[in-house]
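1. Provided below are the primary sequence and the corresponding predicted coordinates.
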Amino acid sequence: MGTTELARPTTTLLRLATAGSVDDGKSTLVGRLLHDSKSVLSDQLAAVERVSQAKGLGHVDLALLTDGLRAEREQGITIDVAYRYFATPARTFILADCPGHVQYTRNTVTGSSTADVLVLLVDARKGVLEQTRRHLAVAALLRVPTVVVAVNKIDLVGYAEEPYTAIADQLAAIAADIGISDVRTLPVSALAGDNVVTRSERTSWYDGPSLLELLEELPAATEASEGFRFPVQLTLRPQEAARDPRHVEYRGYAGRITAGTVRPGDAVVVLPEGVHTHVAGIDYAGEELAEAVAGQSVALRLTDEVDVTRGELISSVADAPLPVTELDAMVCWLAERPLLPGARVLLKHGTRTVQARVGEIVAGLDLDEMAPVEVERLALNDIGRVRIRLANPVMAEDYTRSRRGGSFLLIDPQTQGTLAAGMIRGHEVFGNDFDPSQDWSI
Amino acid sequence: MRAAPVNHLEQLEAEAIHIIREAVAELERPVLLFSGGKDSVVLLHLAQKAFWPGPVPFPLLHVDTGHNFPEVLDYRDAVADRLGLRLLVAKVQDYIDDGRLLERPDGTRNPLQTQPLLDAIAEYRFDAVFGGGRRDEEKARAKERVVSLRDEFGQWDPRNQRPELWDLYNPRHRPGEHVRVFPISNWTELDVWHYIAEEQIELPSLYYAHDRDVFDRDGMWLAVGPYSRPADDDLVRTLQVRYRTVGDMSCTGAVESDAGDVQAVLAEVAATRITERGATRADDRMTEAAMEDRKKEGYF
């Protein structure tokens, strides 16, 4: 980008998802976070005050800040994932606010898929509920790196330490059980504002950070995968249409780096064909880059005249993924029409869409027990393990190592709607280095 | 050569470029809604970056209410001309002239844009319609997907949206349907201004402080002009103002400001306590769900 007299923003971006059960005060917490971090502007607050008064409420209902649709306000519930934005001097936050009761799996899966951090609410009076366990299970399945559990309504248990500690211990045990490595808990009152933005004196037995302080400190997600991955979106070949006659011969491959780092001169392989070549240059809208990293949208030039098209993957050589035509995967079924064995679908992995056929439904996943159950079909919001055969190969990676390289969509070839979120498992594809003891799922 | 990033603005830019390229790669006939407003200007800038060194591979479409600021229309035409892009203009005035639409009693034409927009989409068979909508603008927009399906009547069904997972977008649709694509969904007003400053993007002059004859209408400063006439008891004054949003003159208010350049605007936006729509858009003040209702019918 160009240089200006203005200091360029140096804040990092953290993506959050929130989840909770009915009436645990999640919308109030989000409202409080926005309000106390001064991300709510006065006209928004005035509107909320007006509506709270009209409803005869004794307090300003901060939940009204986030419930945006007519039906939500009429029914007093949150229907769909809403996105909120707030910032502190240290960090910019994108918050996916996921409703707790209507289609909770679909919404939590959606919110968790992009989240660096899941903020889960538990009511201090009720403790860990079945739904809390399910939310944790979904976070584990989707590999959200960090889960923060806000034990809310601590004011309603007299700011006592005892119930909080019991809940925190129970959560730690569940998290260890289902394979979430990083769980933090803290006591809050969304309604009164304790420990949301500033630390509360009323919980003097708690010496940790406030929720916002914690969110400012947590690391953004990084992929364990070191290898370079670049799914090609488009070939840029302007020919006579080039804005500058010097670029008539230009041929570059546009995409967003999903993992690793690339520099000019790097040896790469183009998959699935397996053609070996080198990176000649990295272009970013007219600037040549010395290096590009995961997250950047760039164009690559290659040293050889290879014909690369959308859906192919430019990868580092040593750890290149194998093109496969059979997948063993976990899917979250997100459509009204159930999944039956034999279903013909489209599968989108990276920038590649192929025809696919679901073979066996190996098992369903009981989220309460985190155990497999025998099923004949997967209905809306069900999670299960399936085997999928592909008409053309995809460059599959293990989801537990790479969220981007291991995720896919199933798409209905007739309605074109999204049917399922899929996560590729290791066993068959990745051979011996897959560790079944880490394979907590089914 | 420059080093690797990545601060939050660079991440938002990379995300937007990715989204623009995905929609163009997967669909047949994209178009970009271009009004000359700052969000559409940023969007077009991102599209230029996405396809460098080639041209932006789609035309621009403007739904002209007939009540636009003349300096914005001049800017719009100059940009299309400079980039060599085809500019299509769907005119609300044509619809009023031949009776397909009726002028509203309150004189605002923003809600009247929906039909010309949908007709243009149908006529040119556009299947991917890029818009500069941002989720921080408004509560109903906060619920919208980046890639958002419209049925054959152009309607948005907020209760039955496709789940949007990871960064795997699904812009596929059945014949007659189309998708709206919002690559800067995750940007805030402040992000947009930071980006305009960093990239030194030129905007229509009315985004910066200037003297203008205005009158008070429901707590907003409306410009005195052919489409927004003061009533007999309205007091007209000359104030130093600027616009935070650019739209129909009859319902877009100015704010008092001495911010004459992008740095000053940035400082002002960072310190403001009122949302841009709350400050400047009469049409969103009609009801709590005004935007949701318009969007369901096919509005931007």
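-> In hand now; what should we look at? Numbering: from 1, shown residues only, chains lettered A, B, ... in the order given.

2. and stretch A:275-286, is it in reach of chain B?
-> Yes. Using CB under 8 Å from any CB of the partner chain, we find that stretch A:275-286 touches chain B at A:283, A:284, A:285, A:286. To be clear about C-beta, it is placed using only N, CA and C from the backbone, and glycine gets the same treatment.

3. how near is residue B:250 to residue B:104?
-> 10 Å (CB to CB, to the nearest Å).

4. between these two, which is the more surrounded one?
-> residue B:250 (24 against 12; other CB atoms under 10 Å in any protein chain shown).

5. the more buried one contacts residue B:111, doesn't it?
-> No. Taking CB atoms under 8 Å as the definition, residue B:250 is not a contact partner of residue B:111, at 11.6 Å.

6. any residues in contact with both of residue B:250 and residue B:104?
-> Counting by CB atoms under 8 Å, 6 or more residues apart in numbering or on different chains, residue B:250 and residue B:104 have no shared contacts at all.

7. buried ones in stretch B:29-40?
-> B:30, B:31, B:32, B:33, B:34, B:35, B:36, B:37, B:38, B:39, B:40 (16 or more other CB atoms under 10 Å in any protein chain shown).

8. how about whichever residue of the stretch 151-300 of chain A sits closest to chain B, what does it touch?
-> Of all residues in the stretch 151-300 of chain A, residue A:238 sits closest to chain B, at 3.4 Å by CB to the nearest CB. Listed by CB under 8 Å, 6+ apart, the contact partners of residue A:238 are A:247, A:248, A:250, B:53, B:54, B:55.

9. and if you look at residue A:302?
-> With CB under 8 Å, 6+ apart, residue A:302 has these contacts: A:253, A:268, A:270, A:277, A:278, A:279, A:280, A:308, A:314.

10. closest to residue A:198 among the residues you listed?
-> When the contacts of residue A:302 are compared for distance to residue A:198 (CB to CB), residue A:314 wins out at 47.9 Å.

11. tell me which element that closest one is part of?
-> Using DSSP states H and E, residue A:314 sits in strand A:313-316.

12. what does residue A:280 give?
-> strand A:275-284.

13. what does residue A:30 give?
-> helix A:26-36.

14. which strands and helices lie in contact with the helix or strand that that helix is followed by?
-> The helix or strand immediately downstream of helix A:26-36 is helix A:42-54, counting by DSSP H and E. Packed against helix A:42-54 by the contact rule (3 or more CB pairs under 8 Å, 6 or more residues apart in numbering or on different chains; DSSP states H and E) you find helix B:276-280.

15. returning to that earlier point: in the strand holding residue A:280, what's buried?
-> For strand A:275-284, using 16+ other CB under 10 Å, the buried residues are A:275, A:277, A:279, A:281, A:282, A:283, A:284.

16. and that strand, C-alpha only, in CSV?
-> Extracted as CSV, the C-alpha positions of strand A:275-284 are listed here (Å, rounded to 0.1, in the frame of the first residue of the first chain):
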residue,chain,number,x,y,z
VAL,A,275,4.3,-30.8,-12.6
HIS,A,276,7.4,-29.4,-11.0
THR,A,277,8.4,-25.8,-11.5
HIS,A,278,9.7,-22.7,-9.7
VAL,A,279,8.2,-19.4,-8.6
ALA,A,280,9.4,-16.7,-10.9
GLY,A,281,7.7,-13.8,-9.1
ILE,A,282,5.0,-12.7,-6.7
ASP,A,283,2.7,-9.9,-7.8
TYR,A,284,0.5,-7.8,-5.6
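
17. partner strands of that strand, with direction?
-> strand A:267-271 (antiparallel), strand A:287-288 (antiparallel), strand A:297-302 (antiparallel) (DSSP bridges).

18. just grab the bridge partners of residue A:358 for me.
-> Bridge pairing for residue A:358 - DSSP bridges - gives residue A:388.

19. low pLDDT regions in the stretch 201-350 of chain A?
-> Across the stretch 201-350 of chain A, residues meeting the criterion (pLDDT under 70) sit at A:221-225.

20. how about the residues of it near chain B?
-> Close to chain B, as judged by CB under 8 Å from any CB, the stretch 201-350 of chain A has residues A:233-234, A:236-238, A:241-244, A:247, A:250, A:254-256, A:261, A:283-293, A:295-297, A:299, A:310, A:334, A:348, A:350.

21. one more time with 7 Å
-> Neighbours of chain B within the stretch 201-350 of chain A, by CB under 7 Å from any CB of the partner chain: A:233-234, A:236, A:238, A:241-244, A:247, A:250, A:254, A:256, A:285-293, A:295-297, A:310, A:334, A:348.

22. from those, which land in strands?
-> Secondary structure from DSSP state E places A:233, A:234, A:236, A:254, A:256, A:287, A:288, A:292, A:293, A:297, A:348 of those in strands.

23. just the buried ones among those, please.
-> Judged by 16+ other CB under 10 Å, buried ones among these: A:233, A:234, A:236, A:254, A:256, A:292, A:293, A:297, A:348.

24. now do the same contact list for the closest residue to residue B:179 other than its chain neighbours.
-> Among residues not flanking residue B:179 along the chain, residue B:171 sits closest, at 4.8 Å (CB to CB, 6 or more residues apart in numbering or on different chains). By CB atoms under 7 Å, 6 or more residues apart in numbering or on different chains, the residues touching residue B:171 are B:22, B:23, B:26, B:27, B:128, B:147, B:179, B:181.

25. next up, the contacts around the third one.
-> So the one you mean is residue B:26. By CB under 7 Å, 6+ apart, the neighbours of residue B:26 are B:171, B:172.

26. verify the contact between residue A:333 and residue A:421 for me.
-> No. Contact status for residue A:333 versus residue A:421: not in contact, 8.7 Å apart, counting by CB atoms under 7 Å.

27. domain assignment for chain B?
-> B:8-190+B:289-297, B:205-285 (automatic domain parsing).

28. from residue A:338, how far out is residue A:380?
-> From residue A:380 to residue A:338 the distance is 7 Å (CB to CB).

29. repeat that for residue A:251.
-> 46 Å.

30. what about the two, which has more around it?
-> Counting neighbours by other CB under 10 Å for residue A:251 and for residue A:338 shows that residue A:251 has the greater number, 17 against 14.

31. contacts only, for that one.
-> A:235, A:237, A:301.
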